[in-house]
Every structure is written in C-alpha cells, then in structure tokens.
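> no letters, just coordinates:
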Ligand SMILES: *[C@@H]1O[C@H](CO)[C@@H](O)[C@H](O)[C@H]1NC(C)=O
C-alpha cells in the first residue's frame, strides 16, 4: 500500500509538455470598432471549435491524426512522443558515474523498517546531514511486521523534513510501503541474532528488500543506496564517498562501539567476506536448500572478513573484492538490479539475502568491493547478557559506595576528613566500576587487573556467536 507520496522533486515528464503558458494580463482600452472585430473573431473561433468537435465525433479515425497536430505539432519535433500517458526514458543516461552529484544522477535510498520508532530520530538526523543533493535522492521505506508506532512517526518526520524552510532539506519523491512478511522472531538482539532463526529470518528479509525495490525503482534512478535505520555514526558524505569508487556494488566497513568493559569497539557486520576454499568445500556437503550464515561458530568457513581487516589509520579509499556483503549500507548502480540481480529469498550458492546478492552480482560479472578502512558505526544494543552484566556491575558499585560511606562515617568520628581523601575516593569509585564485576572489590587491590581483558575476549566470542 502506497500511503504517502510526497512529491517535491521531478520524476519524469513527457517530452513536449514541460512548458507553461503564462496568461498575459495586459488589456488595452477597447474601442467600439475594435470590440466588434473581437466579437466577430471570438464567434468564428467558437464556430470552428464546435464544427471540429462534431467532425471528430463523426470520424473517430481522424482523432489520432488531427489531435496531436493541433495540440503539440508546432512545438515538438515529429519524432517525439506526444501522448500524455507515454513516458520516454533513455536509460543510457542513468548508468551511474563516479561524480553522480555533478551530473544530477538520482539515487533511490531504501530503508526497511520494523519496530524502528526508537531509531527514527537518529535516522532522520543522518538524512538531514547527507551532503548528496537532497532533491536528487528519492526515499523509499518499507514498514513491515511492526507493533510500535513506526508508521505514524515516520509520516510526521517526513512531513517535517519535506516542509523544512531550508530549501536544501526536502528530498525528492518519497514512498512509504507497508507490507507484513510474517516475521515472527522477536526483534530483540538475542532472538534476532540467534543461529537457529537466521536462515528463515534472512529469507524473509530478502523478500522484504525485493518488494521495496521493485515497487520503488524508477527508470530515472542511477543508483540505489540501501541504508539501515540503526546506524549510529557515518560520514555525511557517505553516498559520494562510495560513489567515487565507481564500482557496481560498494560497501563500507561496519563496526560498533561497545562499553569500555567490553573492549570499546567490535566488528559488527560479518556478512561482508571473500570466498574461501574451506567454505566452498563446506557448501558442497550441504543440502541444496541450506543457507550458510556467516559469523557463526556452526559454520567455520575461514573466510577473510572485511570487518577484521580494518586498520583505523589505513587508507579509507582502499578496496577489497568481496563475494558476500552485508546490508547495513550498500551503494549499488541501479543497472545491477535492472539486470536481474536481487536478494535471493532461497538458497543461492548456499546463501540468501545480501550475502546471496553479493554472490549473484559476482556471478553476473558485476564488481563488488568493500572498503576495509572506511568505517561506519552501528548502534550498540546491549544483549540480555550484557544487560544482566551491567546490572550486576551497578549493584556492586552501589554496595561498594555504601561500604565506603560507612567506613568514611566511622573514620569521621575518629579523625577529621582532609579534602584530598574525597577526591581519591571518587576516582576509586570510577575505577572500580570500570573494572567490572569479575574483579572482586577488595579495596586495596591494584585497580588494573587482567580480569577485564580476559572478559573482553570472552564477550567478543559470545557476540560473534
Ligand atoms: C548531524 O549534524 C549535526 C550538526 O553537525 C550533529 O550535531 C548531529 O549529531 C549529526 N547527526 C548525526 C546522526 O550524525
């Protein structure tokens, strides 16, 4: 269902109709002779018009021949199409080039949404900050299987941005499509990322992406940019940055920040990888409908992952050829989709959705690259384990605080407190909480223990699953 189409930009127009006649308001003072002549002329015109209509009614075959000549014949060259209902497109004009923004190339930005209302403010902040000319970006949203108020919130935010007083803010054509796919898996981190649920989840996601794209891709689009709503940090110039590589499919590296006690940061998107011999051998042993989901211990594929190749100081323009890709942020030339590459909702070479998309694009000889040192940051959503862990830490912190207060209280009664001790206690508290619950809060222990590092590594493994 296409609920909203807020049109600000142009999409397409028939050749020959893109002009306007502005009425001339100048009226000379009329004189009797002049008035008479004008009346006569008007009557003749009326008579001519009526007889023409009668003729057209009597001889329908005239219509096709006469009408275009009368309406546009003088204005359009004979080879052009004249009918209002016919659109003419030259697809050689929308192939996609490295400086699309200079050539006015249109980008279709696709975002699937599911119970995403909490992410929408951040997502719209990203939209506002995009430096690619907004009027060249058409937005497409798919709202599916949502139980929160994603749809109404989205409508409000779209209205705000399209009515923004800043003329550079409004986007082109916007489509919001609503369709449920029966995603039954809960949207929390645990169930979304659990291994069992993956294959099915990915197939449904693939269908959702295909629906969204096939409903909104227009012949005017040169590029398609897929972007998830839960990206926390990304360069404002990301579309141009990816476009400059002029590849058929380009993805950045995707990491996520972590709380300090988990190590500060971590690779997030493990779906961008290069094929390996081990994985190909594994694929051969699997059932034809099986889907390998990368990043899970169940399938040890030994594939080089884009995420692990990151060097924070590496050249952000460096490219790496990929076979499978993740879906957080994909810039692809529209011609890739027009050629028939899609997100397989079935096992294609033992992969589905975006990983299958990467494989299919490669199979059709399109270029697929990742940028190992160009990183965007996915939102960190604590897992149930993390939350439990944090709660324990908080409780221990409170307990420690209480203990210290009691101690301070007993000290106070014996000796007056010096200003220095309070500072020392504050910093102690901070260090104590950073240390994590595994380190026992024996008060005079050295603060930086090995425990926190060991813990970080273990959690890395569990998150990788
Ligand atoms: C967008 O830009 C503003 C101003 O530079 C900044 O405060 C805000 O955090 C940016 N939004 C995002 C999501 O990066």
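Perfect, thanks for sending it. For clarity, every value in this text was computed on a predicted model and none was experimentally measured.

> the strand ranked longest in the chain: how far from the chain's middle?
Ranked by residue count and defined by DSSP state E, the top strand of the chain is strand 368-378. Distance of strand 368-378 from its chain centroid, counting by C-alpha atoms, centre = their mean, to the nearest Å, is 14 Å.

> is it positioned near the ligand?
No: if you take C-beta under 6 Å from any ligand atom as the test, strand 368-378 misses the ligand, and the best it gets is 10.0 Å. Placement of C-beta: from N, CA and C, glycine included.

> who does that strand pair up with?
Strand partners for strand 368-378, identified by DSSP bridges, are recorded as strand 231-233 (antiparallel), strand 249-257 (parallel), strand 320-321 (antiparallel).

> mean neighbour count, distance to residue 266 and mean pLDDT added to the ones you listed, as a markdown table?
Shown next, in a markdown table, are those (neighbours: other C-beta atoms under 10 Å; distance: least, C-beta to C-beta, whole Å; pLDDT from 0 to 100):
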| stretch | mean neighbour count | distance to residue 266 | mean pLDDT |
| --- | --- | --- | --- |
| strand 231-233 | 17 | 13 | 97 |
| strand 249-257 | 24 | 6 | 97 |
| strand 320-321 | 16 | 19 | 97 |
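
> of all those, which one comes closest to the ligand?
With C-beta to the nearest ligand atom as the criterion, the ligand lies closest to strand 231-233 of the strands paired with strand 368-378, at 6.2 Å.

> what's downstream of the closest one, the next helix or strand?
Following strand 231-233 in sequence order, the next helix or strand is helix 238-243 (DSSP states H and E).

> up against the ligand, what does the chain have?
Contact residues, the chain versus the ligand (C-beta under 6 Å from any ligand atom): 122, 125-126, 129.

> hang on, residue 237 packs against residue 101?
No: look at residue 237 against residue 101 with C-beta atoms under 8 Å: they stay out of range, at 10.0 Å.

> follow-up on the earlier one: which one (most neighbours) among the residues of the chain next to the ligand?
Highest neighbour count within the residues of the chain next to the ligand: residue 126, with 17 neighbours (other C-beta atoms under 10 Å).

> which regions of the stretch 151-300 of the chain sit below the pLDDT cut-off?
Low-confidence segments of the stretch 151-300 of the chain (pLDDT under 70): 184-196.

> what ranges does it have for its strands?
Under the criterion DSSP state E, counting those that start in this stretch, the stretch 151-300 of the chain contains strands at 174-178, 221-227, 231-233, 249-257, 265-267.

> tell me the contacts of the residue of the stretch 251-400 of the chain found nearest the ligand?
Closest approach between the stretch 251-400 of the chain and the ligand, counting by C-beta to the nearest ligand atom: residue 377, at 10.0 Å. Residues in contact with residue 377 (C-beta atoms under 8 Å, 6 or more residues apart in numbering) are 231-234, 254-257, 268.

> what do you get for residue 140?
By C-beta under 8 Å, 6+ apart, the neighbours of residue 140 are 108-111, 174-175, 177, 212-213, 215-216.

> repeat the analysis, applying 7 Å as the threshold.
Shown in contact with residue 140 (C-beta atoms under 7 Å, 6 or more residues apart in numbering): 108-110, 175, 212, 216.

> quick one: whichever strand or helix holds it to chain centroid distance?
Element membership for residue 140 (DSSP H and E) is strand 137-143. Offset of strand 137-143 from its chain centre (C-alpha atoms, centre = their mean): 9 Å.

> quick revisit: just checking, what packs against the helix or strand following the longest strand of the chain?
Counting by DSSP H and E, the next helix or strand C-terminal to strand 368-378 is helix 384-414. With contacts taken as 3 or more C-beta pairs under 7 Å, 6 or more residues apart in numbering; DSSP states H and E, helix 384-414 sits against helix 419-435.

> ok, which stretches of this structure are helices?
Along the chain, counting by DSSP state H, helices occupy 32-58, 60-71, 100-103, 120-129, 150-162, 189-193, 195-216, 238-243, 277-285, 334-338, 353-363, 384-414, 419-435, 451-464.

> returning to that earlier point: pull out the buried positions in the strand holding residue 140.
By 16 or more other C-beta atoms under 10 Å, the buried positions in strand 137-143 come out as 137-143.

> equivalent analysis for stretch 240-251, please.
Neighbour-count burial for stretch 240-251 [16+ other C-beta under 10 Å]: 240-243, 245, 247-251.

> could you do stretch 161-180 as well?
With burial defined by 16+ other C-beta under 10 Å, the residues of stretch 161-180 counted as buried are 161-162, 169-177.

> how near is the nearest residue to residue 223 once chain neighbours are set aside to residue 205?
Closest residue to residue 223 apart from its sequence neighbours, by C-beta to C-beta, 6 or more residues apart in numbering: residue 107 at 4.4 Å. Relative to residue 205, residue 107 is positioned 22 Å away (C-beta to C-beta, to the nearest Å).

> those two: who's more crowded?
residue 107 (26 against 21).

> contact partners for the more buried one?
With contact set as C-beta under 7 Å, 6+ apart, residue 107 has these partners: 132, 136-137, 221, 223, 225, 239.

> how much space is there between it and residue 230?
From residue 107 to residue 230 the distance is 20 Å (C-beta to C-beta).

> got the domain boundaries for this protein?
91-378, 384-408+438-465 (automatic domain parsing).

> which of the ones you listed sits most buried?
Comparing those by mean neighbour count (mean count of other C-beta atoms under 10 Å), domain 91-378 comes out on top with a mean of 19.

> how far off centre is it?
Distance, stretch centre to chain centre, for domain 91-378: 6 Å (C-alpha atoms, centre = their mean).

> that domain: end-to-end distance?
End-to-end distance for domain 91-378, by C-alpha to C-alpha, to the nearest Å: 35 Å.

> ditto for stretch 94-107
Terminal-residue distance, stretch 94-107 (C-alpha to C-alpha): 10 Å.

> and stretch 131-139, by the same measure?
One end of stretch 131-139 sits 15 Å from the other (C-alpha to C-alpha).

> for that stretch, which outside residues touch it?
Here stretch 131-139 makes contact (C-beta under 7 Å, 6+ apart) with 8-9, 101, 104-109, 168-174, 236-237, 239-240.

> got a list of what residue 328 touches?
228, 231, 254, 269, 378.

> mind redoing it with 10 Å?
Contact partners of residue 328, counting by C-beta atoms under 10 Å, 6 or more residues apart in numbering, are 226-228, 230-231, 234, 251-254, 268-269, 271-272, 354, 376-378.
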